[in-house]
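Engineer: sequence and computational prediction follow.
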Amino acid sequence: MDFPKRVYTEEEVTTARNLIDKGYKHRVQIDGSEAFKKKTGRISLLIKTAGFYDFFRTYIRRIKEIDGLTQLRQSEAEIWANQYAVENAVDAASLFVQKANQMKEYIEGELYYGGEAEKRSFQKRKEFLETLKKKSSDRKTVRECDRLLELWKESSLIY
């Protein structure tokens, strides 16, 4: 059984969920300019370093460069990202993991948007940054994880 082209109808979501329950993983495609592909490749390496790549490719099929707002496209199981979203690889990797978590909740039938869902996705992003910080041997990456975690700590007062 193939993963559905869209994940929109109840039947398509059920098919996707059943395949994922059986261990299905996407072969993530990256569509965009050469510069975008190169930066997204670095982001993928960071996701792999933290040990989140299997989680990521379970829920995300493609990363597509767009000239617009970065967003998760649930019905396509894709992340649409602009060139600015991938400039900071550590931040982008944490954003991509957050979007994968939102896709997971969408497929599982959970409320994937709104206050409580934002808290859960924030927690997944924070978990990723903490794990990457522990597993990375690159000092710049570790410093950037620290910086981002501090920013998230300051902004988490709203939650």
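Structural biologist: All right, it came through fine.

Engineer: which regions of the protein sit below the pLDDT cut-off?
Structural biologist: For the chain, the stretches with pLDDT under 70 are 156-159.

Engineer: max-length helix in this structure?
Structural biologist: Using DSSP state H to assign secondary structure, the helix with the most residues in the chain is helix 115-135.

Engineer: what comes up buried for the helix or strand following that one?
Structural biologist: Where DSSP states H and E defines the elements, the next helix or strand beyond helix 115-135 is helix 139-155. For helix 139-155, the neighbour count (16 or more other CB atoms under 10 Å) marks 141-142, 144-145, 148-149 as buried. Any C-beta I mention is one placed from the backbone N, CA and C, and that applies to glycine too.

Engineer: as CSV, those with distance to residue 109 would be great.
Structural biologist: Formatted as CSV, the buried residues of helix 139-155 follow (distance: CB to CB, whole Å):
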residue, distance to residue 109
141, 35
142, 37
144, 35
145, 32
148, 30
149, 31
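
Engineer: contact partners for the closest residue to residue 125 other than its chain neighbours?
Structural biologist: Nearest non-adjacent residue to residue 125, counting by CB to CB, 6 or more residues apart in numbering: residue 98, 4.2 Å away. Going by CB atoms under 8 Å, 6 or more residues apart in numbering, residue 98 touches 121-122, 124-125, 128.

Engineer: check the gap between residue 97 and residue 123 for me.
Structural biologist: As for residue 97, its distance to residue 123 is 11 Å (criterion: CB to CB, to the nearest Å).

Engineer: apologies, that question was intended for residue 92.
Structural biologist: On the measure of CB to CB, residue 92 and residue 123 end up 18 Å apart.

Engineer: more neighbours, the two?
Structural biologist: The neighbour comparison of residue 92 against residue 123 (other CB atoms under 10 Å) goes to residue 92, with 23 against 14.

Engineer: out of the contacts of residue 98, who's nearest residue 114?
Structural biologist: Closest approach to residue 114 among the contacts of residue 98 (CB to CB): residue 121, at 10.6 Å.

Engineer: so what's the gap between stretch 99-109 and the chain middle?
Structural biologist: Remark: stretch 99-109 is offset 10 Å from the chain centroid, using CA atoms, centre = their mean, to the nearest Å.

Engineer: please consider this matter closed, and thank you.
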